[in-house]
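A.B. asks: Provide a 3D model corresponding to the input given below.
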Amino acid sequence: MEDTLTKQIKKLNKSEKLLLVEAIWDSIAAEPEDVPLPEHHKTILDERLKTLDEDIEKGESWDKFRKNYL
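C.D. replies: Below is the predicted model:
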């Protein structure tokens, strides 16, 4: 089956392949609870949240940043 599927995918043009990737991604994103979050991702998120809490005075909102710099 895998070989047949691979052959069918190779026959698609780039636009069709992009549509296929989008459809696959949408099907995964529809049930995010089924996608496990690796422990090292949790560690990085925790570190960034800690940094955010510590540096809250140094930051600025997206709206303020966009107004001043973009």
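A.B. asks: could you dump the helix or strand hosting Phe65 to PDB, C-alpha only?
C.D. replies: Secondary structure from DSSP states H and E places Phe65 in helix 62-69. This file holds the C-alpha atoms of helix 62-69, laid out as PDB (Å, rounded to 0.1, in the frame of the first residue of the first chain):
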ATOM      1  CA  TRP A  62       2.400  43.800  19.900                       C
ATOM      2  CA  ASP A  63       0.200  46.800  19.200                       C
ATOM      3  CA  LYS A  64       2.700  49.300  20.600                       C
ATOM      4  CA  PHE A  65       5.600  47.500  18.800                       C
ATOM      5  CA  ARG A  66       3.800  47.500  15.500                       C
ATOM      6  CA  LYS A  67       2.900  51.200  15.900                       C
ATOM      7  CA  ASN A  68       6.400  52.200  16.700                       C
ATOM      8  CA  TYR A  69       8.500  50.000  14.500                       C
END
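A.B. asks: quick one: mean pLDDT over that helix.
C.D. replies: Mean pLDDT, helix 62-69: 92.
A.B. asks: now what about it, what contacts it?
C.D. replies: Glu60 (C-beta atoms under 8 Å, 6 or more residues apart in numbering). Backbone N, C-alpha and C define where each C-beta goes, glycine included.
A.B. asks: that one: how far from the chain's middle?
C.D. replies: 24 Å (C-alpha atoms, centre = their mean, to the nearest Å).
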